[in-house]
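K.L.:
Below is the sequence, then the predicted model.
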Amino acid sequence: GAVVSQHPSWVICKSGTSVKIECRSLDFQATTMFWYRQFPKQSLMLMATSNEGSKATYEQGVEKDKFLINHASLTLSTLTVTSAHPEDSSFYICSARSSTSFSGANVLTFGAGSRLTVL
Amino acid sequence: DAKTTQPNSMESNEEEPVHLPCNHSTISGTDYIHWYRQLPSQGPEYVIHGLTSNVNNRMASLAIAEDRKSSTLILHRATLRDAAVYYCILRPGGGADGLTFGKGTHLIIQP
């Protein structure tokens, strides 16, 4: 089945530094990937839609200059948290849709998530 | 995405069946009913989906009401590894947007 890999699974950084999270589709091509954020004991919130070869689409309230998304190939999207602060500490999760998976039903495959802690 | 309503939490015993309800009274004719679950500290994983007919797979069964305004996810024999938050989500067929997650149902399995 479709597999999405995220790296790193956890990262600790100092306030003011930037952190990059990678999301790869391992056995399928993904023209679109989605980035979510999840705070403790809350549900997932969609941050942005990453489109291969074009600019990402951000949800209302998400700062595009702070959360830089690059989708340079059909199998890789990256999320860079720039000038991270403690309030950016969260669980970041990516997902992608395999074109061959339940075509028409729009089933998504999720990565295992990346836990960011900003000190 | 159309709105769904699920109980905040449910508790069941290990090796017993679990029925997780979901109400979606505003479902449209082209909406698929999706279920995902999220184990602790992991990303969500797909469980099952359906449109009109009941569905079975190796993980679970999905029972869809005749009027499609509600559905039930059935875990036939729950194990401790099934403890997770279960999300019921409506998705338009062919839609390309990301999923919108509600609060889901926190399923607790007692040994």
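P.N.:
Done, it's in.

K.L.:
what's across from residue 23 in the sheet?
P.N.:
Looking at chain A here, since you left the chain open. A:Gln6, A:Ser77 (DSSP bridges).

K.L.:
Correction: the question concerned chain B.
P.N.:
Bridge pairing for B:Asn23 - DSSP bridges - gives B:Thr5, B:Ser70.

K.L.:
Kindly report the residues of chain A close to chain B.
P.N.:
Contact residues (Cβ under 8 Å from any Cβ of the partner chain) of chain A with chain B: A:4, A:6, A:32, A:34, A:36, A:43-46, A:49, A:91, A:93, A:95, A:97, A:102, A:104-113, A:115. C-beta here means a position set from N, CA and C on the backbone, and glycine is covered the same way.

K.L.:
Tell me how far the spatially most central residue of chain B lies from chain A.
P.N.:
For chain B, the residue nearest the mean C-alpha position is B:Trp35 (3.5 Å; Cα atoms, centre = their mean). Remark: distance between B:Trp35 and chain A (Cβ to the nearest Cβ, to the nearest Å) = 11 Å.

K.L.:
so that residue is in which element?
P.N.:
strand B:31-38 (DSSP states H and E).

K.L.:
what's in contact with the helix or strand just after that strand?
P.N.:
Following strand B:31-38 in sequence order, the next helix or strand is strand B:45-50 (DSSP H and E). With contacts defined as Cβ atoms under 8 Å, 6 or more residues apart in numbering or on different chains, strand B:45-50 is touched by A:102, A:105, A:107-110, B:32-39, B:55, B:57, B:59-62, B:64, B:71, B:73, B:86, B:91.

K.L.:
Would you mind listing what in chain B touches chain A?
P.N.:
For chain B, the residues in contact with chain A (Cβ under 8 Å from any Cβ) are B:32, B:34, B:36, B:38, B:41-46, B:49, B:51, B:87, B:91-104.

K.L.:
Now the buried members of the residues you listed.
P.N.:
B:32, B:34, B:36, B:38, B:43-44, B:46, B:49, B:87, B:91-92, B:95, B:98-104 (16 or more other Cβ atoms under 10 Å in any protein chain shown).

K.L.:
Give me the buried subset of the contacts of strand B:45-50.
P.N.:
A:105, A:107-110, B:32-38, B:55, B:60-62, B:64, B:71, B:73, B:86, B:91.

K.L.:
ok, the closest residue to A:Ala56 other than its chain neighbours - contacts?
P.N.:
In space, and not counting its chain neighbours, A:Ala56 is closest to A:Ile69: 3.9 Å by Cβ to Cβ, 6 or more residues apart in numbering or on different chains. For A:Ile69, the contact set (Cβ under 8 Å, 6+ apart) comprises A:35, A:48, A:50, A:56, A:77-80.

K.L.:
re earlier: strands paired with the strand holding B:Trp35, and their directions?
P.N.:
Here strand B:31-38 is paired, per DSSP bridges, with strand B:45-50 (antiparallel), strand B:84-92 (antiparallel).

K.L.:
Please tabulate those strands in TSV and include mean pLDDT and distance to A:Gly16 as additional columns.
P.N.:
Shown next, in TSV, are these (pLDDT from 0 to 100; distance: least, Cβ to Cβ, whole Å):
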stretch	mean pLDDT	distance to A:Gly16
strand B:45-50	95	35
strand B:84-92	94	33
